[in-house]
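Asks: Got a predicted model here, sequence first, then my questions.
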Amino acid sequence: MLNIGFIACGGIARHHASRLAGLRNARIVACSDASLDAAKSFAAEYGTEDAAVYTDYGRMLKLDHIDAVWVCTPTYLHAAPVLAAAKAGKHIFCEKPMAMKLTDAKKMADAAEKAGVKFTMGFVRRFCPQWGKMKQIIDAGTLGGPVIWRFAAGGKPPHAWFRDETKGGGPLLDGAVHNYDFALQMFGKVTTVQASTRQFDDTSVGEDTGSAILNFANGAQHTLIWSWGMAAGAPAASLNDLIGPLGTLQFGMTADEAPKGYDSKTHGAFTFKAGGGKQRVFTYKLTDMFVEQAKHVVARFEKGQQPVTTAADGIAALDVGLAVLKAGKTQRTIKM
């Protein structure tokens, strides 16, 4: 049984807690939030009957029976609780991105290593069956090479700090860090980064909209277009596909005919389309990536083992994200 404490009890914390609540080998025994009401509400919904509630996470970390903490503060507030949790001897799950500065991220990694505790990141796409199948298809050489992964999205996050370059970094850091991490696993080393950014919403602090190109040593490329500066509720077309010399890989079942036994309620699909009308559908079983992540992290922490995502992974993805922001500001290519 893993006894868990939460630091910050907002939206993403509740997302994680709702999955942890379904596990037999995990229980939330304490939580801390700057808002006492938020902490009490969180404890009542997800905690044990005697779950302790705090407004000072430092006091919470003194509880001997806590084995691990989930750090769910805004990004710019990650470092301090992670350092304190490591010093207190607790295993650490930290939301993404790891920090707003590489120096802070490295201090966090060093603190966990020095304390002998395990540290992992909330790169939940590592447990996404859709993105996992995408990697399998690319690794098999289905598209040939080099490959270009194209991505575009728009919308508006629920809190202004996401659009603050000093607190969340905007879509090309807070949102796209999932893409950076997964692209690093799929394509390997990034060699150069290019970007162009701008501000749509005058309430944002810094750029809230932009485009980026990541070039990889193996010749692959990842292109992104993302805005968090659009009017709230405004529709935006999305794009997510991969193209290569042998064809294109589309998200979803877009073939002329579904394969036998395919059920969209239980399975997802990718459709490969090549020249001459050639089509092939790849299916995968639908699962909840947050549940799978919770199962994995709890099982590893219980045994004192390192989860699949490491502090080094968090630093690597942050390094790319900060390079993208720098490229956007300077309008020049950044060599990694």
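Replies: Noted; the coordinates are in hand.
Asks: residues touching V308, list them.
Replies: T120, R126, H296 (Cβ atoms under 8 Å, 6 or more residues apart in numbering). For the C-beta atoms, the positions are set from N, CA and C on the backbone; glycine is no exception.
Asks: mind putting these in CSV, pLDDT, neighbour count and secondary structure included?
Replies: Output for these, formatted as CSV (pLDDT from 0 to 100; neighbours: other Cβ atoms under 10 Å; DSSP: H, G, I helix; E, B strand; the rest coil):
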residue, pLDDT, neighbour count, secondary structure
T120, 98, 25, strand
R126, 98, 23, helix
H296, 98, 16, helix
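Asks: Closest one to P235 out of the residues you listed, please.
Replies: R126 (29.8 Å; Cβ to Cβ).
Asks: check contacts around the closest one.
Replies: D181, F182, Q185, Q293, V308, T309.
Asks: Secondary structure, pLDDT and distance to T266 for those residues - can I get that in a markdown table?
Replies: As requested, those are exported to a markdown table (DSSP: H, G, I helix; E, B strand; the rest coil; pLDDT from 0 to 100; distance: Cβ to Cβ, whole Å):
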| residue | secondary structure | pLDDT | distance to T266 |
| --- | --- | --- | --- |
| D181 | helix | 98 | 27 |
| F182 | helix | 98 | 24 |
| Q185 | helix | 97 | 26 |
| Q293 | helix | 98 | 20 |
| V308 | coil | 98 | 25 |
| T309 | coil | 98 | 27 |
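Asks: among these, which ones are buried?
Replies: D181, F182, Q185, Q293, T309 (16 or more other Cβ atoms under 10 Å).
Asks: how about TSV for these, with distance to S211 added?
Replies: Supplementary listing: the buried ones among the contacts of R126 in TSV, determined by distance: Cβ to Cβ, whole Å:
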residue	distance to S211
D181	19
F182	19
Q185	23
Q293	29
T309	27
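Asks: Pick out the most distant pair among those.
Replies: Q185 and Q293 (15.0 Å).
Asks: Farthest from the middle of the protein: give me that residue.
Replies: Residue distances from the centre of the chain (Cα atoms, centre = their mean) peak at G276, which lies 37.8 Å from the mean C-alpha position.
Asks: And the contacts of V308, which is closest to L23?
Replies: For the contacts of V308, the nearest to L23 is H296 (10.8 Å; Cβ to Cβ).
Asks: can you tell me which residues contact that closest one?
Replies: When contacts are counted by Cβ under 8 Å, 6+ apart, H296 touches F127, P307, V308.
Asks: before we move on, the earlier item: farthest-separated two in the contacts of R126?
Replies: So, the contacts of R126 by Cβ to Cβ: farthest apart are Q185 and Q293, at 15.0 Å.
Asks: any weak-confidence spans in the protein?
Replies: The model of the chain has no residue with pLDDT under 70.
Asks: Okay, helices next: where are they in it?
Replies: Under the criterion DSSP state H, the chain contains helices at 11-20, 36-46, 57-60, 79-87, 102-115, 129-139, 177-187, 289-302, 311-330.
Asks: T192 touches V324, doesn't it?
Replies: No - using Cβ atoms under 8 Å, T192 makes no contact with V324, being 11.0 Å away.
Asks: ok, the two, which is more surrounded?
Replies: Per other Cβ atoms under 10 Å, whichever of T192 and V324 has more neighbours is V324, with 29 against 16.
Asks: Return the residues in contact with the residue nearest the centre of the chain.
Replies: Residue closest to the mean C-alpha point of the chain, counted by Cα atoms, centre = their mean, is F123 at 3.6 Å. Contacts for F123 were tallied using Cβ under 8 Å, 6+ apart; they are K96, V177, H178, D181, F182, T309, D313, G314, A317.
Asks: Save the contacts of V308 as JSON lines, and put in distance to I225 too.
Replies: Shown next, in JSON lines, are these (distance: Cβ to Cβ, whole Å):
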{"residue": "T120", "distance to I225": "30"}
{"residue": "R126", "distance to I225": "24"}
{"residue": "H296", "distance to I225": "32"}
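Asks: which one among those residues gets closest to G268?
Replies: Nearest to G268 among the contacts of V308, counting by Cβ to Cβ, is R126 at 16.6 Å.
Asks: With distance to I4 as new columns, can the contacts of F123 be given to me in a markdown table?
Replies: Putting the contacts of F123 into a markdown table (distance: Cβ to Cβ, whole Å) gives the following:
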| residue | distance to I4 |
| --- | --- |
| K96 | 18 |
| V177 | 24 |
| H178 | 23 |
| D181 | 23 |
| F182 | 26 |
| T309 | 17 |
| D313 | 22 |
| G314 | 20 |
| A317 | 24 |
